[in-house]
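Chemist: Quick one, structure for this:
(5 chains, ligands or ions: 4)
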Amino acid sequence: MSIITVENVVKSFDALGVLRGISFTLNEGEVLSIIGPSGSGKSTLLRCLTQLERIDSGRIEVCSMTMAHSTGGTIQYADAKTLKQIRLKLGLVFQNFNLFPHMSVLRNITEAQVNVLAKSKGEAVATARQLLAKMGLEEKEDAYPCHLSGGQQQRVSIARALALNPTVLCFDEPTSALDPELTIEILKVIKDLAKEKMTMIVVTHEMAFARDISDRVIFMDEGLIVEEGPPDVLFNAPAKERTQRFLSRYGQ
Amino acid sequence: MSIITVENVVKSFDALGVLRGISFTLNEGEVLSIIGPSGSGKSTLLRCLTQLERIDSGRIEVCSMTMAHSTGGTIQYADAKTLKQIRLKLGLVFQNFNLFPHMSVLRNITEAQVNVLAKSKGEAVATARQLLAKMGLEEKEDAYPCHLSGGQQQRVSIARALALNPTVLCFDEPTSALDPELTIEILKVIKDLAKEKMTMIVVTHEMAFARDISDRVIFMDEGLIVEEGPPDVLFNAPAKERTQRFLSRYGQ
Amino acid sequence: MRNLLPLLLAGTITTLKIFVLTLLFSIPLGALVARGRMSKNPIVSTVINIYIMIMRGTPLILQLLFVYFGPYYLFGASYDRFTAVIIGFVINYAAYFAEIYRGGVQSIPIGQWEASLVLGFSRAHTFTHVIVPQVVKRIIPAMGNEVITLVKDTALAQTIGVAELFRVAQSASARQFSTTPIVIAGLFYFIMNGVVSRLFDRFEKKLDYYH
Amino acid sequence: MRNLLPLLLAGTITTLKIFVLTLLFSIPLGALVARGRMSKNPIVSTVINIYIMIMRGTPLILQLLFVYFGPYYLFGASYDRFTAVIIGFVINYAAYFAEIYRGGVQSIPIGQWEASLVLGFSRAHTFTHVIVPQVVKRIIPAMGNEVITLVKDTALAQTIGVAELFRVAQSASARQFSTTPIVIAGLFYFIMNGVVSRLFDRFEKKLDYYH
Amino acid sequence: AKEQKSLEDNSLEKVMSKGRFVMGLDDSFPPMGFRDEKGEIVGFDVDLAREVTKRLGVELKLQPIDWNAKEQELNTGNIDCIWNGFTITDERKAAMTFTPPYIHNAQVVVVRDDAPYTTLASLAGKTVGYQAGSSASQAIDDSPAFKSSIKQLIEFKENLTGLMDLEIGGIDALVVDVTVASDNIRRSGKAFRILAEELAPEDYGIGFRKGDQKLADAVWEQLVAMHNDGTLAQIAIAWFDVDNTVVGN
Ligand SMILES: Nc1ncnc2c1ncn2[C@@H]1O[C@H](COP(=O)(O)OP(=O)(O)OP(=O)(O)O)[C@@H](O)[C@H]1O
Ligand SMILES: Nc1ncnc2c1ncn2[C@@H]1O[C@H](COP(=O)(O)OP(=O)(O)OP(=O)(O)O)[C@@H](O)[C@H]1O
Ligand SMILES: [Mg+2]
Ligand SMILES: [Mg+2]
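Modeler: Numbers count the residues shown, from 1 in each chain, chains lettered A, B, ... in the order given. Ligands and ions are numbered 1, 2, ... in the order given. Coordinates of the predicted model:
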């Protein structure tokens, strides 16, 4: 079943065309990796999905709800209520975590449960503790983000996103702000989520990792999807010259 | 010929023993990589060599000059003149570049030549241009560091160190502040230097790279050298269990 | 000398009243002003900007004269001098506070807004629960400086005849032919400022549990 | 009215003299004070710290009275009131500037010192060629605020009888029974501050070629 | 002060040898001393001082001072005298050396023309202002009945601020020197009037540093001479329309 459908999405910043007609679908339980050189529009694509940016034209559908679609040259966004529903379907884990520095780890994870999902405090705390345990952070619930290592902060931010029980979890270079050894921790967490059949979109520069976890890989360049396919095919026998060139740089 | 001799170097920060008896030698034209987990003392070791930290005991000799040695329980540093001479033998490329933001690229590279080596302005500029050409930055001499990408900044900082014609060039995780694609640029620069038989010490987390360029690799943990050897041996058949454990994490 | 201290204490009470009332009104008013300054409506933001520029660009002593005498010359209305002092100080300090608040809000990384948005927080919730608590922490040092300036600026209230600490000390000094009252007043200001910095330091430490 | 402007301009000249002389002396003196404040000698740093605390903790108007009359009461010596105003302003502003300098120096990343050391620069060269240029850029906004405060503070020189702009305006007001001179004085201050901010903005832009 | 008395009084020689006589005054105290439209300090006292110094053969330097700090100014030697409608009081006499009175003055009460007040008693329960550090404060202290009858006393840095405040109704009455009051009312054309009942009759003298008797005497001698040859009356009439001086009485 298709959870996200993106059709011909276009997005410019002033004169700069950042997304120049992107289409893809994401199915339930699927892990999609997006790779590509810096500036190719990967982050912008995730930001459009999570409503941090507005698209200029095209169509985005999430869990059978239309978020935005072009009609007669103008873009039409859904009403506020639908947009909010859609927002809750998609979790986003930021590159630089964006944890709330003034809240304890526990409160970072419960805040939205209580204030957005209107769960009781007790329920929220229970969910948070469960997620912290899963992330191996049982003992950190009273700590503040500044006292955690980068890897721990990233795990908290994953727990924060998971606490809202999203249908899809999006990652924007989840390890780029981490030390190499910490990277490994996070990649393991994401792998575990993949095993649990969590639907995910992962923007990453870690080719080995993308190959390892993905069901499908998209290679983007200059605002377009250059090539798309299962990791085996895309990494071992890329069809396009651009993809080959990009991957060869990582071959060393 | 041995250029650097380190004997039983000990260094503590308050109660924390960061270097707990380090000994090694570095020969002319040799490339030495230092690997090891975070906090093992790699940066501190480089900082002791470059006189950014004082050692507590042990002996350091550079180009046949004694920088520091223990006599009867107290550490004895050489006189200011010798220390200055030694300082000029060792170039250091910082993890976060530490370029001078208010100086143009050219001036970053000429400043020390003129003010420390007392070269003429013209001579200094000629050297700088030569190095910039080598780094592929001919067109950036008038740019300011803030207008360069991370990789370009790192190359300028390498040029700045090389401009003083050091006998040994030390790198502290030269790529850790860089995007993956930019990393490749820098590794290529260092490889080229290795080909030219530049004597180098490289602290790095890039195992593939360490294996590729090093004549010898040191694996440190908790302030001690756990294992030392040619890369083929150390990476393929590490003798110590700790080394195996560390390397397996990078194996994925 | 026996009678000096009670006198100076009475002046100190007036000084403290000015101090407390000014903070009480200018701290929230500053928030409103900051809101207006950041408004997308260009008329509102321009008007507020001019107001801030005047408040910051002319001596407070002159503003006090206007606030007290202006209404009469303009509308024939007059009012209590103490009220005028409070109004003068409040509109002056609100302008300074507004600029501090604005700097604070703009220094919060955009990522905090984005994370809140993605988690589904309303704008109001984001502002009150995510942004404001962080702004408070960031602006404490600047606010501390401004509040210390206020302690000293209260000495200007005498311009329109309010007998605060410095006025009382100067009169006593003239009467007694000695600078002792002024030295003592200086000590009082010093102590008040000491207390204010101590409070701000403590507040800053209290918020030191995160950064 | 015909004669008002020349009068106010004369007052403005005095105001500008105070302004310029204060900056001329306090900007370098502040550097010395900052040096002392950061001294490793605990006596020096404590003494300087107390001096800074007093300067920042008591009203300037009170400091001016002391500077002018203090020497007589202490040593029987007296001197020119204009000199006293300049001394009073200079020692007050030097304290504020010192704290700004100190903040600036301490905000420069340690890496700048380390890179200079490894390249073999002397401490002096590092300070004058690496640290100071970066400090200058960082402290411009804070210095701008302080200098604008100075423009307004010149109005306090009248405390010890120096006929600067505000004093002249008040006298003219008394003679003419009108607030017009004070309004015009306000405008003058506003213009002076406008010029000062413009200069600082320009200076800031000029150093915008790097960050 | 005692210490100074025991010293030899060389005040006159000092001024004569400097060739300069520094007169301390509040330059916003019309008509005794104030700045005219050209910014020059003029006034009745200034004219007197000019004549006196001319006759003494020294230069006159006019030094505007902050009225609140006048004692410090005098004691620290920044000025040689305070000569600016300076009321002789016992307290001041103890602290400095005065000439005999040269002009009569009184502290009077100024009210708005339309106000109902006619006597001091009618100001009971009202708010009254005066200039800080002026002799008005002494005059009020010396009239305990009046002082206790009024509601509140307000100190102003400047008489002008007090008069402005009177105009806007912030205070009901201002206690001020009669010379200042009449001059202000005359020049401003504001609707003020002076209560007939005087608060405290008083005399203006010239204040010198305690012990500077010789200088005080020298100045006084010239004033007496000016009285005798009519110059004094001439100056008074120029400023007050009448000769209200009391030299020689
Ligand atoms: N808010 C914005 N305003 C203007 N241009 C923007 C904005 N956000 C992104 N861009 C530009 O859009 C282009 C694509 O940016 P994006 O961040 O999506 O790339 P990316 O593929 O995520 O790159 P990276 O791998 O470096 O994160 C870049 O040229 C970027 O400069
Ligand atoms: N100036 C200092 N004061 C106190 N402790 C320090 C200081 N510098 C380093 N340390 C401590 O010394 C230990 C070794 O630090 P060092 O930076 O040398 O490790 P490293 O091997 O370079 O680690 P990484 O790979 O994270 O850079 C760490 O525990 C660190 O916290
Ligand atoms: Mg990105
Ligand atoms: Mg390190």
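Chemist: How many residues are close by the residue in the stretch 1-150 of chain A that ligand 2 sits nearest to?
Modeler: In the stretch 1-150 of chain A, no residue comes nearer to ligand 2 than residue A:149, which is 10.3 Å away by CB to the nearest ligand atom. C-beta: built from backbone N, CA, C; applies to glycine. When neighbours are counted by other CB atoms under 10 Å in any protein chain shown, residue A:149 registers 14.
Chemist: which residues touch it?
Modeler: Contacts for residue A:149 (CB atoms under 8 Å, 6 or more residues apart in numbering or on different chains) come out as residue A:182.
Chemist: ok, now how distant is it from residue E:194?
Modeler: According to CB to CB, to the nearest Å, residue A:149 and residue E:194 sit 83 Å apart.
Chemist: Pull the contacting residues for residue A:197.
Modeler: Residue A:197 sits in contact with residue A:29, where contact means CB under 8 Å, 6+ apart.
Chemist: before we move on, what SS does it have?
Modeler: Three-state assignment for residue A:197 (DSSP: H, G, I helix; E, B strand; the rest coil): coil.
Chemist: phi, psi of it?
Modeler: phi 70, psi 30 (degrees, to the nearest 10).
Chemist: pLDDT value on it, please?
Modeler: According to the prediction, residue A:197 has pLDDT 93.
Chemist: Please report the number of neighbouring residues for residue 42.
Modeler: Looking at chain A here, since you left the chain open. Counted by other CB under 10 Å, the residues lying close to residue A:42 total 23.
Chemist: actually chain E
Modeler: Here the count is done by other CB under 10 Å, and residue E:42 has 19 residues near it.
Chemist: Next: residue C:109.
Modeler: By the measure other CB under 10 Å, the count of residues near residue C:109 is 12.
Chemist: what residues are up against the residue nearest the centre of chain C?
Modeler: Nearest residue to the geometric centre of chain C (CA atoms, centre = their mean): residue C:93, 4.0 Å. Residue C:93 sits next to C:22, C:23, C:26, C:30, C:146, C:150 when contact means CB under 8 Å, 6+ apart.
Chemist: ok but it is inside a helix, no?
Modeler: Yes. With three-state DSSP as the criterion, residue C:93 is located in a helix.
Chemist: Need the pLDDT of it.
Modeler: Per-residue confidence (pLDDT) for residue C:93: 97.
Chemist: Over to the one 4 residues further on?
Modeler: Predicted confidence (pLDDT) at residue C:97: the value is 96.
Chemist: you'd agree it is in a strand?
Modeler: No. Counting by three-state DSSP, residue C:97 falls outside a strand, being helix.
Chemist: Count the residues that sit near it.
Modeler: Residue C:97: 25 neighbours (other CB under 10 Å).
Chemist: what sits against it?
Modeler: Residue C:97 is in contact with C:26, C:27, C:29, C:30, C:31, C:33, C:34, C:143, C:146, counting by CB under 8 Å, 6+ apart.
Chemist: contacting residues around the worst-scoring helix or strand of chain C on mean pLDDT?
Modeler: The weakest-scoring helix or strand in chain C, judged by mean pLDDT, DSSP states H and E, is helix C:165-176 (a mean of 80). With CB under 8 Å, 6+ apart as the test, helix C:165-176 has contacts from C:4, C:7-8, C:10-12, C:14-15, C:154-155, C:157-158, C:179-182, C:184-185, C:188-189, D:59, D:61-62, E:68-71, E:91, E:132-133, E:137, E:155.
Chemist: which parts of it are buried?
Modeler: For helix C:165-176, burial by neighbour count (16 or more other CB atoms under 10 Å in any protein chain shown) applies to C:165, C:166, C:167, C:168, C:169, C:170, C:171, C:172, C:173, C:174, C:175.
Chemist: How about stretch C:67-75?
Modeler: C:67, C:68, C:69, C:70, C:71, C:72.
Chemist: Now do the same for whatever residue of the stretch 101-250 of chain A ends up closest to ligand 2: its pLDDT.
Modeler: Closest approach between the stretch 101-250 of chain A and ligand 2, counting by CB to the nearest ligand atom: residue A:179, at 6.4 Å. pLDDT recorded at residue A:179 is 71.
Chemist: just to revisit the earlier point, taking the contacts of helix C:165-176 one by one, which sit in strands?
Modeler: residue E:155 (DSSP state E).
Chemist: List buried residues within the contacts of helix C:165-176.
Modeler: Using 16+ other CB under 10 Å as the burial test, these include C:4, C:7-8, C:11-12, C:14-15, C:154-155, C:157-158, C:179, C:181-182, C:184-185, C:188-189, D:59, D:61-62, E:68-71, E:132-133, E:137, E:155 as buried.
Chemist: And residue C:72, how far from residue E:166?
Modeler: For residue C:72 relative to residue E:166 (CB to CB), the value is 11 Å.
Chemist: Next: residue C:42.
Modeler: Taken as CB to CB, the span from residue C:42 to residue E:166 is 44 Å.
Chemist: Of the two, which one has the most company?
Modeler: Counted by other CB under 10 Å, residue C:42 and residue E:166 do not tie: residue E:166 has more neighbours, with 23 against 9.
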